[in-house]
Each structure stands twice: as structure tokens, then as C-alpha cells.
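Colleague: when you get a sec, could you give me coordinates for this:
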Amino acid sequence: QVQLVESGGGLVQAGGSLRLSCAASGVTTSMYNMGWFRQAPGKEREFVASFSWTGNTYYSDSVKGRFTVSRDSAKNTMDLQMNRLKPEDTAIYYCGIGESFIAIRSDAEVDYWGKGIRVTVSA
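Modeller: Sure thing, here's the model as predicted:
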């Protein structure tokens, strides 16, 4: 049974940093695509960043240059380092795993989801 648990969220001032982590169980993460998504209040869930099983990374335009996604195969985790945070980054952040060979860049590529973790960026 695949389980994903996000951690590291919280409240931070604009310009600050947070590091999210997604711990996976029931699956060997190095063999799958993993991604981060977020859902702001009143908005649809959107793609943030992903790490493919081939080692490639992808970012949305809104976070490119500020966020960095990484994976630790030994720990079976995926992290999201978020720098220069903005109030518009406030959202529930979700971790996802995709079983297909297609890199994650939308909900359609995700087969398993974590429950999400809240990130709040104050102005």
C-alpha cells in the first residue's frame, strides 16, 4: 500500500524559506515519478515541480528559480526547497507519485496523493 506523508509546512514571512519533505512507503521512489502540487484557497490544484524517475526536474513558471525539487533515494523521500517565498505561494501543498513513464506535470500523471500540508506566507 502506497502512502505519502508531507512535512515541513508552516507560517513564514514573505522573502523567507521553507523546506517540504514527502516520505513514501510501500514504493521505491527511485523507480517512479514524483511531484509537488498546491491548491490555494478558492483555486484549483496546480502543478509546482516534479522529479522524474530518469532524474529530470520540471517546474512551473511561477516557482522556477525560487523552488528546488530533490529526491533522496536512500531515505525514500522527495523534498521541495522553497526560497524567496511570496504571499501568493500560500496553499496546501501535496506530494504525488506517478506510475507511468510520463513525467509529472499535471494531475493526470499522478496515481497516489499525500494528504497535503499547509504553507502560509505572510506579507
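Colleague: any low-confidence regions in the chain?
Modeller: Scanning the chain for pLDDT under 70 picks out no residues.
Colleague: so which residue is smack in the middle of it?
Modeller: Nearest to the mean C-alpha position of the chain, by C-alpha atoms, centre = their mean, lies Trp36 at 2.2 Å.
Colleague: right, and it touches Ile92 too?
Modeller: No. Judged on C-beta atoms under 8 Å, Trp36 makes no contact with Ile92 at a distance of 11.2 Å. Just so you know, the C-beta spots here come from the backbone N, C-alpha and C atoms, and that holds for glycine as well.
Colleague: still on that earlier bit, contact partners for the residue nearest to the centre of the chain?
Modeller: Trp36 makes contact with 20, 22, 48-50, 69, 78, 80, 93-96, according to C-beta atoms under 8 Å, 6 or more residues apart in numbering.
Colleague: columns secondary structure on top of those residues, output as TSV?
Modeller: As requested, these are exported to TSV (DSSP: H, G, I helix; E, B strand; the rest coil):
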residue	secondary structure
Leu20	strand
Cys22	strand
Val48	strand
Ala49	strand
Ser50	strand
Val69	strand
Met78	strand
Leu80	strand
Tyr93	strand
Tyr94	strand
Cys95	strand
Gly96	strand
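Colleague: which residues of this protein fall in strands?
Modeller: For the chain, the strands defined by DSSP state E occupy 3-7, 10-13, 18-25, 33-39, 46-51, 57-59, 67-72, 77-82, 91-98, 112-113, 117-122.
Colleague: list of residues touching the first one?
Modeller: Looking back up the chat, that one is strand 3-7. By C-beta under 8 Å, 6+ apart, strand 3-7 touches 20-26, 93-97, 112-117.
Colleague: likewise the third one?
Modeller: For strand 18-25, contacts defined as C-beta under 8 Å, 6+ apart pick out 2-10, 12, 34, 36, 75-82, 85, 93, 95, 97, 114, 117, 119.
Colleague: just the buried members of the residues you listed?
Modeller: With burial judged by 16 or more other C-beta atoms under 10 Å, the buried subset of these is 4, 6, 8-9, 12, 34, 36, 76-82, 85, 93, 95, 97, 114, 117, 119.
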